[in-house]
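K.L.:
Task: produce atomic coordinates for the following.
(one chain, ligands or ions: 2)
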Amino acid sequence: MNDLQQTILITGATSGFGKETAKIFIKNGWKVIITGRRGNRLEDLTRELGQNCLPLCFDITDRVAVKKEIENIPPDFSNIDVLCNNAGLALGLEGADEANLDDWDQMVDTNIKGLIYATRQVLPKMVQNKSGHIINIGSVAGSYPYPGGNVYGGTKAFVSQFSLNLRADLVSKGINVTSIEPGLAETEFSLVRFKGDNEKANKVYENTNFIKPEDIGETIYWVATRPKNINVNKIEIMAGLQAFNPFNIIKND
Ligand code: NDP
Ligand code: 8X3
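P.N.:
Ligands and ions are numbered 1, 2, ... in the order given. Reported below is the predicted structural model:
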């Protein structure tokens, strides 16, 4: 470890985008703080990534835990250069009249509230250092509606707009802000959305080509390593075989 090494904190690094992002930053000589609720996964990844990796096991929806865990980061890792707000999830694909209200609560608590808790906790030190970068993981679901996307899409629209508003607040303070908005990618996302139903989850990725988690990891690395004379506001990425549908126009018989 040396003092010139940069540090990234990645929320939700026990699988998918977060895990691949951690590997890419470690490979490029960064110190990486990984978070998530599944302690065994964090331990496994830390063993794989070595001494430049610090695991923090907590639930991002728990405001007190977010504060405590980030406040108590040991000095070797406490100078956070980049916060990647990645932890998030979709639950269910039911229409708004049938969706489970607990699922809606959990998406709001994780994708919106967890993200703002981590951001608010990390920002003062970045401002004090006059340097830092917040990279938020949004989604194409925040820009393009689809049936069943209801609250998930709403939370990701929040991520997109919050990122722009953060930038408005932080432009004079030396802090960069970027929102990365991916489309269909193969991670544990669909398994979580369909509550462990492998068959349903696999169907989402059947017979098509999707974004790989390392594609997003590389994008995050690229964004984090741009020179300071620019700020990448937003990047939208879709799979090569994904595009837009026509409007759904209901005809009266
Ligand atoms: P995964 O399910 O593979 O990873 C989600 C990560 O979020 C896990 O590490 C999980 O950790 C963490 N997480 C979820 N809830 C919590 C919580 N309450 N507290 C702490 N960590 C939590 O999915 P992805 O990698 O695909 O998702 C990463 C981000 O990318 C999400 O914000 C998602 O919305 C977004 N996204 C995904 C797309 C896709 O098609 N895959 C496309 C566009 C955006 P743990 O369970 O251990 O707590
Ligand atoms: C995940 C992409 O299109 O399944 O955010 O909502 S999508």
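
K.L.:
Low-confidence stretches in this structure?
P.N.:
Regions of the chain meeting the criterion pLDDT under 70 cover residues 1-3.

K.L.:
which bits of it sit near ligand 2?
P.N.:
Within the chain, the positions near ligand 2 by CB under 6 Å from any ligand atom are 139-141, 149, 183-184. (C-beta placed from N, C-alpha, C; glycine too.)

K.L.:
ok, of those, which come out buried?
P.N.:
139-141, 149, 183-184 (16 or more other CB atoms under 10 Å).

K.L.:
May I see these arranged in JSON lines, with secondary structure as well?
P.N.:
Formatted as JSON lines, these follow (DSSP: H, G, I helix; E, B strand; the rest coil):
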{"residue": "Ser139", "secondary structure": "coil"}
{"residue": "Val140", "secondary structure": "helix"}
{"residue": "Ala141", "secondary structure": "helix"}
{"residue": "Gly149", "secondary structure": "coil"}
{"residue": "Gly183", "secondary structure": "coil"}
{"residue": "Leu184", "secondary structure": "coil"}
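
K.L.:
Ligand 1: which of the residues of the chain next to ligand 2 is nearest?
P.N.:
Relative to ligand 1, the closest of the residues of the chain next to ligand 2 is Ser139; by CB to the nearest ligand atom it sits at 3.6 Å.

K.L.:
Enumerate every residue touching the closest residue to that closest one other than its chain neighbours.
P.N.:
The shortest distance from Ser139 to any non-neighbouring residue, by CB to CB, 6 or more residues apart in numbering, is to Lys156 (4.1 Å). Going by CB atoms under 8 Å, 6 or more residues apart in numbering, Lys156 touches 111, 138-139, 141-142, 181.

K.L.:
does any part of the strand or helix carrying Lys156 sit near ligand 1?
P.N.:
According to DSSP states H and E, Lys156 maps onto helix 150-170. No: judged by CB under 6 Å from any ligand atom, helix 150-170 stays clear of ligand 1, getting no closer than 6.7 Å.

K.L.:
Name the residues of stretch 30-38 that are buried.
P.N.:
Quick answer for stretch 30-38 (16+ other CB under 10 Å): 30-36.

K.L.:
and of those residues, the nearest to Asn233?
P.N.:
Among those, Trp30 lies closest to Asn233 (CB to CB), at 23.0 Å.

K.L.:
What residues does the closest residue to the closest one other than its chain neighbours make contact with?
P.N.:
Nearest residue to Trp30, sequence neighbours excluded (CB to CB, 6+ apart): Gln6, at 5.2 Å. Residues near Gln6 by CB under 8 Å, 6+ apart: 30-31, 81-82.

K.L.:
Taking these, tell me the two that lie furthest apart.
P.N.:
The widest separation within those (CB to CB) is 10.6 Å, between Lys31 and Val82.

K.L.:
what's the overlap in contacts for those two?
P.N.:
Common contacts of Lys31 and Val82 (CB under 8 Å, 6+ apart): 6-8.

K.L.:
got a markdown table for those, with secondary structure too?
P.N.:
Formatted as a markdown table, those follow (three-state DSSP):
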| residue | secondary structure |
| --- | --- |
| Gln6 | coil |
| Thr7 | strand |
| Ile8 | strand |
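
K.L.:
my read is Ile216 is in a strand, agree?
P.N.:
No: going by three-state DSSP, the assignment for Ile216 is helix, not a strand.
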